[in-house]
Each structure stands twice: as structure tokens, then as C-alpha cells.
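Undergrad: Generate coordinates for the sequence data below:
(2 chains)
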Amino acid sequence: MEVVPSVYGNRFPPIFCLTSTRTIKNYPPAIAISPVATAANPTSTTTHSEIQNGPIYATGRSGKSLSVSSTIRQSAMLDIQQSTDLTSALSRSGEVLKAQDFNVILRHFGKSNRWKDISQLFDWMQHYGKTNIASYSSYMKFMGRRLNPLTVLEIYNSIKDKSIRNSVSICNSVLNCLVKSGKFDSSLKLFNQMKQDGLMPDIVTYSTLLVGCAKVKDGYTKALELVQEIKSSGLHLDSITYGTLISVCASNNRCEEAENYFEQIKSEGHAPNVFHYSSLLNAYAIDGNYRKADELIREMKSAGVELNKVILTTLLKVYVKGGLFDRSRELLVELQRLGYAGDEMPYCLLMDGLAKSGKLKEARLVFDEMKQNEVRNDGYSYSIMISALCRSGFLEDAKQLACEFEAKYDKYDVVILNTMLCAYCRTGEMENVMKMMKKMDESAISPDWNTFHILIKYFSKEKLYLLAFRTMEDMHRKGHEPEEDLCSSLIYYLGKTGAHTEAFSVYNMLRYSKKTTCKALHEKILHILVAGGLLKDAYVVVKDNAKFLSRAALRKFSTSFMKRGNMNLINDVLKSIHGSGYKIDQEIFHMAISRYIQQPDKNALLLHLLQWMPGQGYAVDSSTRSLILKHSHLFGRELIMELLSKQYMVLKTNKSREGKTK
DNA sequence: GTAGGGTTAG
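TA: From the prediction side, this is the model:
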């Protein structure tokens, strides 16, 4: 395959080299624009209240000049909001404005989805110290998922004022950004750090973190821990937190617990709201419990809670999961009638359910109908159809749909790209695979766990083991943990093709991941390392995992090490395998001692070995003994005789012990 | 004059 080296070049850079989303701007020095040093420079002696409220005007100013100042500020704000050239508007009108004025503009940009302007304005505000607590929270809120979590952390860490850093709304916003971008573990770590630094978390902090529990394995346990923490810190679960908890239960297959929380709301004298209902409904979707779902809908009707788009869409999910495809279709028609079928979601639910119960043709019909209905397309429906076609082996059809999506929509996210990658990998079209990877890189879409898995599997299938290895390295660097089976097979193939070092590298990725590795893997890598002559690495494996290794493998390793391993480590190796309970046999001692004799400058090591042996119940056999005696002049004859006689005593006691046991 | 949290899809 020619394509691979040409795409990667010879140096094998990281598979995906995403460009940083945040650029450092070179603004003129603050002092040149703003003469007000306190407002311009946040690292100066500015107090918290000044940062929050802007420079405090001297008392005694007339009401008139205040209103003049407010008029000037109003027009400056308008200038910036309406300007088509933000840079010049800021240098023209920015000086007179305070942090809260900029926050108004920030929100204005936010409401009109002017992402680029929000970023530029916020950069400017940061540079001139015109930020307060609300600025940070608003910025993160309006940028939402557009913000790279690393950028968010950078911003957070740039806040030097402790009272601002510890402010609960800023902390909540930062945690929210991390949770929304799937970095739940990082958010928990940061949360603990924040608490140590002095954050007093409130119920919003906890419900922010609870959202993350819905997306991770074992999230329910973590949620319980958080609930415990809420209670022990004297806070109370509020309506939103209950809603989050129910949704955590739903996404962790805890239907009964979801019901319990729902009942708890009622027993505390509150009426469940539409969020609570939709989350509980979603819990019923897990096993398609349409009876309970129908009952819940009746309850909603009598309670006067509106059956909104989310509720009806979730109900559709329940019907689909319950296999009630006719009722699902009826409900879809109802959604269309109500104007609730403007985006793909309900179609996706139905298509996916049909495809997964083997009704691929019917799924395709829904897909075609959706396309006729001018539904907004975000690529989900294509993902579903393409992967359904792939699963059933209709690779050509899958490829065709992928091409259709490329031609019709130039909009990609990680899922559609993964799906298309998968389709092209299955049909073995390297050129298209590379095209998708380039697209991912260009659109700054970070590859996820799935992307890496698809690629590594594909490269392995094409016998491009080194490329698979580089991809796995990249995956590891990006913090994704590959599945053990995938590693294990890659280790096998790398070993088989002589890439012993690379095989060991994959082994180490697994070993130092959080998961515990399968015991057989240690033996597998040991064989590869011994075969590749990487005896020092092999020794590391043996030292750490001797208890998982078979006697045969240990023997093979020791034999090789005695023959070719580093002489300075021979005694360590012998002690280490003895320490693991392996009885060293005479042949091994003979090999070790022969090596020492060949190299008289290592005589200290030989003497050390001979000294060590009797203490562990070992003694050299007669052939090794005569070998030593033959060369004893090299080591000091007297000392050697003394050591050998000590060993002889051991030999005698061993023999007499053996005799007694017989 | 001010900020932060919840429901559905691959």
C-alpha cells in the first residue's frame, strides 16, 4: 500500500495532529490604551470588589457626570455590539467600559451565536483586566461545547486572584465544561483540587458533576457517593438534582432506583416536572416497558404536565425498544403532525430499532421517507444506516451512503466520521480511509476511542503492524485505553514479525493502564522478548510477574539470560527467580559460572554467587566444581576452596535430609 | 447590576 507512507511521511508523526484552538493574541500593552491601572491590570493591587464592579468613582461626583458617563458607556457598548470590525471598535470604545458592560455585550453575542466575536471579546477583556466573576461564567456558558476543555483549564488557571478562582459559579462553569466534553474523571479530580483550594461547593456543583455520572461506566456508584457528600455537607437535593439523578439511574440501567427517586419527590410534597417524567420514561425504555410508560403518560395528562417533544420522542423510544413497531410508526406520524419531527431524532430511534431487530429493509424505508421530508440532517441517520449496512455485510451499499453523505453534507462529527471510516475499512479502501482521517484533522475533530480502535483493527488486518503500532502509541498519548484483546493480538503480530521492542511497548501501555491485565499476557510477552534477545526487558517482566509465569517460561528465560544476558545482572536474575519459588537447576548454575570463568575480571561476581548459594540450599555439582577448580588460580585458590567446602557441607546435609525423607 | 446545574439520537 503506497498511500500510507505518503500520508505519514517517514517520521511517523502523531496520526492526528490537531491544531490548537486558542491563539495567543498580541495586544498593545495595556497601559497605552487604558490609563486606569487598577482596572487594566488584574495582577496589581486591585481588590475583589473592584474587579467585580469596576473602578470605584470618587465620592462627591455630581449625579450629572455619572449620567454623562452612563450615556458615554451606552454608546460605546452599542458601537462594539454593532461594529463589523470588532478589533477597531474595541480600541475605539473599549476604554470607557467596565467589566459588567462587557458582560452585557458578551451575552448579546452569545444570544446571536457569534462565537468568534465572543472569543475575541473575551480575550480582549482578559488582556485588559476587564473581567469579573460573571464574565468567566458567561463566557464558558455561551461557548458551551465549542470550548476545548484544555482551553477552559488554561483560562481557569490564569485566574490568579484566589477569591475569584474559588468563586462557586466559576468553578461550576469549569466543571460543567469538563463534564460536557466527556472528561468526567478530570472533572472529579479538579473538583477535589478546588475543594482543597477553598471552594465551598453548592448544590449546583453537585448536580453538574452528577450529569457526568450518566455517561460513565459505574456512574451510579459515583452518583451515590456524591449524594452522600451532599447530605453530609448539609445541602439538600433540589428539583434539578432529582432530575439529574433519575437520568443517571436511567442511563445506568437502574429502573427501580429511578422509580424510587421519583417517588421521593412526591413524598417530599413536590409535583414531578417534565424533566422528572422524561427521565423516568427513559428508564422504562431500557427494557421497553411500554405498559409502565403508558401509565406514566396517563399520570402526566391528569397532572396537567405538557407532553412535549422530548416526552413523545422518549415514548417512541420505549415503543421501539419494546418492539411495538406499528405503534412507533403511529407515534412518529403524531410527532410529524405536531411539528416535533423536524430533526432526525425520532426517525433515528425507529430506524435503529428496526435495523437492530433484523428489519433492515423497513429501516431503509424510514430513512428514505425522512430524506423526503426535508428533515434537518446532522449525520446521525446516516451513521445509523451506514453501520447497520456494515453489520449486515452490505458493504457496497454502506459505501454508497457514505459517499452520498460526503457529497450532500459537508458536515462532520466524530461519530459520522467513525462510521464512514469503518465502512471504508471494511471495504478495504485505503485511499478513502486516509481521506476521512485528513478530514478529521482539518475539521479539528478529535479522534475518540472508537476511531483508534477502528484504525488499529484495520491496519492489523492489512498486515501493517507497525502502522497499527504507531496508531496505538498515538491513542495512548491521547489518554485512551485500548482494549486488552486488541493489544494482545497486536503484541502477537508485532512479535511474530520481529518488532519485539514495539510489542513490549504495547505490553507496557496495557500494564500501566488502570485495568488489570490478563495473566497469560506476561508469559506471551516474555517469549517475544526472549526471542528478540531483549533480555533486560524480559528480566523486568520476570521480576514483576514471576508468579504468573510457568516453570517452562522461567527456565527458557533463565537459560537465555545465562547465555546472552548482561553479566552484571546474572546474579540478580538468579536471586530473583529463586525468590519467586523457582528451584534453580544445575545446568543454569553451570552456564552462569562458565560465563564468569570466560571473563576473569568478573571474579567478584562469581565469588558472590558461590557465597550466596549455600545460604539458599544450593551447591554446585561435580562437573561445575571441577570447572571452577581448573580455573581457581584466576580467583584466589584459597578463597575458592573455602567457598566450595561450605557448599560441600550443604550438599551433605541435603543428602542426609533426602535420605531421612526417603 | 451579576454568574453556574437537569430530559431524547449514533
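Undergrad: need the helices for the stretch 51-200 of chain A, in chain order.
TA: Assigned helices in the stretch 51-200 of chain A, in chain order: A:63-82, A:86-93, A:99-111, A:115-127, A:133-143, A:149-158, A:162-165, A:168-180, A:184-197 (criterion: DSSP state H, counting those that start in this stretch).
Undergrad: what does the fourth one rub up against?
TA: Think helix A:115-127. With contact meaning Cβ atoms under 8 Å, 6 or more residues apart in numbering, helix A:115-127 is reached by A:25, A:27, A:30, A:80, A:86-87, A:90, A:94, A:99, A:102, A:105-106, A:109-110, A:130-131, A:135, A:139, A:142-143, A:146, A:155, A:158. For every residue, glycine as well, the C-beta is placed using N, CA and C.
Undergrad: Check whether that helix comes into contact with DNA strand B.
TA: No. Helix A:115-127 stays clear of DNA strand B (Cβ under 7 Å from any atom of the strand), getting no nearer than 12.5 Å.
Undergrad: Contact residues of the stretch 251-400 of chain A facing DNA strand B?
TA: Applying Cβ under 7 Å from any atom of the strand, we find that the stretch 251-400 of chain A lies next to DNA strand B at A:251, A:273-276, A:278-279, A:282, A:285, A:308-311, A:313-314, A:317, A:343-345, A:348-349, A:352, A:378-380, A:383-384, A:387.
Undergrad: and the residues you listed, which of them are in strands?
TA: Among these, no member falls in strands (criterion: DSSP state E).
Undergrad: So among the contacts of helix A:115-127, which ones count as buried?
TA: Buried members of those, scored by 16 or more other Cβ atoms under 10 Å, are A:27, A:30, A:80, A:86, A:90, A:94, A:99, A:102, A:105-106, A:109-110, A:130-131, A:135, A:139, A:142-143, A:155.
Undergrad: Which members of those residues additionally contact DNA strand B?
TA: Residues of the buried ones among the contacts of helix A:115-127 in contact with DNA strand B (Cβ under 7 Å from any atom of the strand): none.
Undergrad: picking up where we left off before, out of the helices of the stretch 51-200 of chain A, which comes closest to residue A:570?
TA: helix A:184-197 (43.5 Å; Cβ to Cβ).
Undergrad: buried sites along the closest one?
TA: Going by neighbour count (16+ other Cβ under 10 Å), the buried part of helix A:184-197 is A:184, A:186, A:187, A:188, A:190, A:191, A:194.
Undergrad: where's the second one relative to DNA strand B, distance?
TA: Residue A:186 sits 17 Å away from DNA strand B, taking Cβ to the nearest atom of the strand, to the nearest Å as the criterion.
Undergrad: same thing with the first one?
TA: Distance, residue A:184 to DNA strand B, by Cβ to the nearest atom of the strand: 13 Å.
Undergrad: How about the fourth one?
TA: Taking Cβ to the nearest atom of the strand as the criterion, residue A:188 is separated from DNA strand B by 15 Å.
Undergrad: ok, for that residue, nearest residue in space, not its chain neighbours?
TA: Sequence neighbours aside, residue A:209 is the residue nearest to residue A:188 in space, at 6.9 Å (criterion: Cβ to Cβ, 6 or more residues apart in numbering).
Undergrad: Narrow the residues of the stretch 251-400 of chain A next to DNA strand B to those in helices?
TA: If you go by DSSP state H, these have A:251, A:274-276, A:278-279, A:282, A:285, A:309-311, A:313-314, A:317, A:345, A:348-349, A:352, A:380, A:383-384, A:387 in helices.
Undergrad: out of the residues you listed, which are buried?
TA: A:251, A:275-276, A:278-279, A:282, A:285, A:309-311, A:313-314, A:317, A:345, A:348-349, A:352, A:380, A:383-384, A:387.
Undergrad: Neighbours of the nearest residue to residue A:494 once chain neighbours are set aside, how many?
TA: Closest residue in space to residue A:494, ignoring its immediate chain neighbours: residue A:503 at 3.9 Å, by Cβ to Cβ, 6+ apart. Neighbourhood size, residue A:503 [other Cβ atoms under 10 Å]: 29.
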